[in-house]
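[1] Provided below are the primary sequence and the corresponding predicted coordinates.
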Amino acid sequence: MSNIKVEDAMTKKIIKVDSNESVINVAIKMKEKDIGSMLVCDENKLIGLITSEDLVKRIIVLKKDSNELKATDVMTKKLVTTTPDEDLAEAIRIMIDKSVQRLPVIDGKKLVGILTDGDILRMAPHLVESLVESRKEIESEMGGDMCEVCGNYSENLRKINGQWICEECNEASPEI
């Protein structure tokens with residue numbers, strides 16, 4: 001999976017709002033764009049992220065007057081970010097470890113995209129393909145192959161009735 005980079009999966013079309021934007025306008029833009037978050041910038045510098053969950057937790061649950069709040073009042077300020085050249089597998093680990101569903105992507109000091117859990121799901125076929133290729137590379141280096149019954153790697157395969165079978169499967173089902 002090391003050949004898939006964040007830039008291959010990330011959303012490049014950045015939708016952002018100004019830090020002084022009213023949360024009402026933020027929520028309207030999120031609904032119009034059918035997205036679950038907005039990046040908050042101040043003079044083109046990323047300073048935060050607002051999610052639909054932030055709107056619920058920081059406005060509705062606390063019964064705050066949304067007419068008086070700005071983006072900066074409800075945004076998450078401590079952001080976990082990544083770079084476009086980061087391995088996608090590492091970015092996924094970061095998202096899991098930090099319990100985040102979105103990673104702004106920064107190249108130097110420039111915001112270039114966002115990686116979301118949805119982006120990762122869209123990449124799933126490529127990830128599976130990459131994992132299969134990685135496994136094949138490892139197996140070819142090891143000099144063995146996969147059992148056609150259980151799919152496990154083995155250096156001691158025997159061809160029985162046209163199938164390559166490991167010792168364990170042969171012992172478990174001698175009629176194969």
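    Here it is on my side, so go on.
[2] residues contacting Val23?
    Residues counted as contacts of Val23 (Cβ atoms under 8 Å, 6 or more residues apart in numbering) are Ile50, Leu55, Ile59, Ser66, Leu69, Lys70, Ala71, Asp73, Val74. For the C-beta atoms, the positions are set from N, CA and C on the backbone; glycine is no exception.
[3] How many neighbouring residues does the second one have?
    Taking other Cβ atoms under 10 Å as the neighbour definition, Leu55 ends up with a count of 19.
[4] and it, that's in a helix?
    Yes: Leu55 forms part of a helix when assessed by DSSP: H, G, I helix; E, B strand; the rest coil.
[5] Confirm for me that it is in contact with Ala27.
    Yes: using Cβ atoms under 8 Å, Leu55 makes contact with Ala27 at a distance of 5.9 Å.
[6] With Val80 as the reference, measure out to Asp97.
    Here Asp97 is placed at a distance of 9 Å from Val80 (Cβ to Cβ, to the nearest Å).
[7] picking up where we left off before, check the contacts of Val23 for the minimum pLDDT and say which it is.
    Here the lowest pLDDT out of the contacts of Val23 sits on Ser66, with 88.
[8] quick one: which of Asp97 and Val80 has more around it?
    Val80 (16 against 9).
[9] distance of that one from Leu69?
    In terms of Cβ to Cβ, Val80 sits 24 Å off from Leu69.
[10] Same check on Val56?
    For Val56, the distance to Leu69 - Cβ to Cβ - is 13 Å.
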